[in-house]
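Novice: structure for this input, please:
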Amino acid sequence: MKTTLDAKLREVFPDEVVNKRLSLVQEVARLPRFISEYAIKDLCGDKPDPSALALLAKFVKRFYPEPKERDRVLNELMTRGEYTLLDEFKVTVDPKKGLRRVEIPSLRIHDAMIMPSILEEYKPLLEAGMWGTATLRYQPPKFGEEEQEQTPIIIEKFEPLQYSNIDLEDFKRRSEMFSTEEWVDILMNSLGMNPDVYSERSKLLYISRLIPLVEQNVNFVEFGPRATGKSFLFRNISYYVRLYSGGQISPAVLFFHGTYRTIGDIGVRDCVVFDEISRIRFQNPDEIVGKLKDFMESGEYERGTLRRARSGCSLVFMGNIEVQGPLPVEDYSTIMPECMRDSAFIDRLHGLIPGWELPKIEQSDIHLSQGYGFITDYFCEIMHELRKESYQYHISERANLYADRGKVTIRDQKSILRTASGLLKLLYPHGRFDEEALRTCLDLAVEYRQRIHDWLCQVSPGEFERKKLSYSLR
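Specialist: Down below sits the predicted model:
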């Protein structure tokens, strides 16, 4: 069955899939998966021999320096005048001073220069940034020259190491050639997981983690034990995702930096993920949580001189929870920071994924994919394009939401529609689905929102009465 599906996938998507086993090779272990798979396919082909992998290892070692090698690289750049570097580059523009500043993370540089012609060709550098290889040129300041506004390093050439010119309609047409069961297994392989060790329900739970990446302004929370792949997925699935894992976060990096006048991650990313949420510390927690509440409700935020910025960024909050048997034994609220434990914040969450139901990823030869799936970089771009579409109208046309007691609130309705819309996009990107498919997606959407409501009843029983959310199809 696996061999047959692999062959069919390679026939239908010959240039967009890769043997996921190759992602585990040590030669590219340091690279994010959305870059390593592209590099393997582009530089080595589908079945690389040892010499090709050795060449790839040399490429990564040479052009993707470790943090400790920063000064060595800068010294080589100053000595030779030129250096080629693999990194994620992001450009900001300061019209007041007429400057374009480039961020080069591996060198901890935030104010390099770039040729305007490169920006003309590669516009994403000005948006979320791009991964690629850049030729850096060192331009030493002349003797007696006043202090420069920028680091004397300029990017003269740039080659992207990611897909461009994605044809979403072509992807949709080809996706129709697979049954739902086949497509679910393809998605699991594409995410790096072996579908054979997951039940049908756990496959849907795992895939539903992607909903914030294909649907705008979705706010999810997931609690589960360690080693279930929460961080692994978001760290490797997309360069449009920013993952914070513990540590301190400031309003400047999230929303808007007043000094540099740069938009924060919520303004430029498709999804911002707060991993190890109990270990995250916020500078000015009242300001951050207040702005998060505003953004989670309206999709807009403001800070300082930035007035009412709009963003489709989704938010995901993840935490580890103690489990005994099949169920968690901790109160959800104790996992969240104290500033996020009030009902006003929790009510803005659209769903709670039961990560405790997913199996632990413990053995690579058993739990990780050994078959073919979409190149992560390609699939990342597909998900980015799917965010521009919505199935919410089609769902609301065919489904009525109701509760056995109380009422279905606007937030309940918004939560269920967005979650179901996102899952439909993932399972049926071509847009053709029957009643059974719609029920599958609505069942999960209602379940996720029901879990949020039950949590609210515990946090604020005087304000929220218990009710059972449900739906009927017309």
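Novice: rest of the way, CA atoms for contacts and neighbours
Specialist: Fine.
Novice: roughly how far apart are residue 445 and residue 202?
Specialist: When distances are taken as Cα to Cα, to the nearest Å, residue 445 and residue 202 turn out to be 15 Å apart.
Novice: okay, these two: which has more neighbours?
Specialist: When neighbours are counted by other Cα atoms under 10 Å, residue 445 comes out ahead of the other of residue 445 and residue 202, with 25 against 17.
Novice: was I right about that one contacting residue 420?
Specialist: Yes. Counting by Cα atoms under 8 Å, a contact exists between residue 445 and residue 420, whose distance comes to 5.4 Å.
Novice: average pLDDT for the helix or strand harbouring residue 439?
Specialist: Secondary structure here is read from DSSP states H and E; on that basis residue 439 sits in helix 435-459. Here the mean pLDDT over helix 435-459 is 97, rounded to a whole number.
Novice: list the contacts of the helix or strand that comes right after that helix.
Specialist: Toward the C-terminal end, the helix or strand that comes next after helix 435-459 (DSSP H and E) is strand 469-473. The list of residues contacting strand 469-473 from outside it, by Cα atoms under 8 Å, 6 or more residues apart in numbering, reads 398-404, 408, 446, 450.
Novice: inside strands: which ones of those?
Specialist: Judged by DSSP state E, the subset of the contacts of strand 469-473 located in strands is 399-403.
Novice: give me the pLDDT value at the residue nearest to residue 403 when sequence neighbours are not counted.
Specialist: Excluding the flanking residues, the one nearest residue 403 by Cα to Cα, 6 or more residues apart in numbering is residue 469, at 4.5 Å. Note on residue 469: pLDDT of 97.
Novice: going forward can the numbers begin at 35, since that is how I track them
Specialist: With 35 as the first residue, the last one maps to residue 503.
Novice: count of residues packed around residue 503?
Specialist: Each residue near residue 503 was counted by other Cα under 10 Å, and the total is 20.
Novice: check which helices and strands the helix or strand hosting residue 351 is in contact with.
Specialist: According to DSSP H and E, residue 351 maps onto strand 348-354. Other elements packing on strand 348-354 under the criterion 3 or more Cα pairs under 8 Å, 6 or more residues apart in numbering; DSSP states H and E are helix 245-248, strand 253-258, strand 305-316.
Novice: using TSV, lay out these together with distance to residue 426 and mean pLDDT.
Specialist: Conversion of these to TSV gives the following (distance: least, Cα to Cα, whole Å; pLDDT from 0 to 100):
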stretch	distance to residue 426	mean pLDDT
helix 245-248	13	98
strand 253-258	16	97
strand 305-316	19	95
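Novice: export those as JSON lines, with columns for distance to residue 329 and mean neighbour count.
Specialist: Converted to JSON lines, the helices and strands packed on strand 348-354 look like this (distance: least, Cα to Cα, whole Å; neighbours: other Cα atoms under 10 Å):
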{"stretch": "helix 245-248", "distance to residue 329": "15", "mean neighbour count": "28"}
{"stretch": "strand 253-258", "distance to residue 329": "10", "mean neighbour count": "24"}
{"stretch": "strand 305-316", "distance to residue 329": "13", "mean neighbour count": "21"}
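Novice: how about these in JSON lines, adding distance to residue 152?
Specialist: Conversion of the helices and strands packed on strand 348-354 to JSON lines gives the following (distance: least, Cα to Cα, whole Å):
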{"stretch": "helix 245-248", "distance to residue 152": "28"}
{"stretch": "strand 253-258", "distance to residue 152": "36"}
{"stretch": "strand 305-316", "distance to residue 152": "27"}
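Novice: let me know which of the ones you listed is the nearest to residue 495.
Specialist: With Cα to Cα as the criterion, residue 495 lies closest to strand 253-258 of the helices and strands packed on strand 348-354, at 20.7 Å.
Novice: just the residues contacting the following helix or strand past that closest one, thanks.
Specialist: Using DSSP H and E, the helix or strand that follows strand 253-258 towards the C-terminus is helix 264-271. Outside of helix 264-271, the residues within contact range by Cα under 8 Å, 6+ apart are 66-68, 225, 275, 277, 307, 309, 352, 410-411, 414.
Novice: how far out from the middle of the chain is helix 264-271?
Specialist: Here helix 264-271 shows a centroid-to-chain-centroid distance of 7 Å under the convention Cα atoms, centre = their mean, to the nearest Å.
Novice: next, the angle from that helix to strand 305-316.
Specialist: 130 degrees (axes from the mean of the first three to the mean of the last three Cα atoms, to 10 degrees).
Novice: which other helices and strands contact the very next helix or strand once past helix 264-271?
Specialist: Beyond helix 264-271 on the C-terminal side, the first helix or strand identified by DSSP H and E is strand 275-283. The criterion is 3+ Cα pairs under 8 Å, 6+ apart, and the helices and strands that strand 275-283 contacts are helix 264-271, strand 305-316.
Novice: pairing partners for strand 275-283, with directions?
Specialist: The sheet places strand 275-283 alongside strand 305-316 (parallel), with pairing taken from DSSP bridges.
Novice: got the angle between the partner strand and strand 348-354?
Specialist: Taking the same axes, to 10 degrees, one finds that strand 305-316 is oriented at 50 degrees with respect to strand 348-354.
Novice: so what touches strand 305-316?
Specialist: Residues lying outside strand 305-316 but in contact with it, judged by Cα under 8 Å, 6+ apart, are 246-247, 265, 268, 274-284, 299-300, 322, 347-354, 369-371.
Novice: got the CA positions of the helix or strand just after it in CSV?
Specialist: The helix or strand immediately downstream of strand 305-316 is helix 319-332, counting by DSSP H and E. Only the C-alpha atoms of helix 319-332 are listed here, as CSV (Å, rounded to 0.1, in the frame of the first residue of the first chain):
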residue,chain,number,x,y,z
PRO,A,319,2.7,41.7,30.6
ASP,A,320,-0.3,44.0,31.1
GLU,A,321,0.6,45.8,27.8
ILE,A,322,1.3,42.6,25.8
VAL,A,323,-1.8,40.6,27.0
GLY,A,324,-4.0,43.7,26.5
LYS,A,325,-2.8,44.1,23.0
LEU,A,326,-3.1,40.3,22.4
LYS,A,327,-6.7,40.3,23.5
ASP,A,328,-7.5,43.2,21.2
PHE,A,329,-5.7,41.5,18.3
MET,A,330,-7.3,38.1,18.9
GLU,A,331,-10.7,39.7,18.8
SER,A,332,-10.4,42.1,15.9
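Novice: given the helix or strand following helix 319-332, what are its sheet partners and their directions?
Specialist: Reading on from helix 319-332 to the C-terminus, the next helix or strand found by DSSP H and E is strand 334-337. If you go by DSSP bridges, strand 334-337 pairs up with strand 340-344 (antiparallel).
Novice: residues of the strand it pairs with that come out buried?
Specialist: Residues of strand 340-344 classed as buried: residue 343 (neighbour count, 16 or more other Cα atoms under 10 Å).
Novice: same thing with stretch 226-241?
Specialist: Along stretch 226-241, the positions that meet the burial threshold by neighbour count (16+ other Cα under 10 Å) are 226-230, 232, 236-241.
Novice: which ones among those map onto helices?
Specialist: Among those, the ones falling in helices (DSSP state H) are 236-241.
Novice: tell me the secondary structure at the residue nearest to residue 160 when sequence neighbours are not counted.
Specialist: In space, residue 160 comes closest to residue 125 once its chain neighbours are excluded; the distance is 5.0 Å by Cα to Cα, 6+ apart. Judged by DSSP: H, G, I helix; E, B strand; the rest coil, the three-state class of residue 125 is strand.
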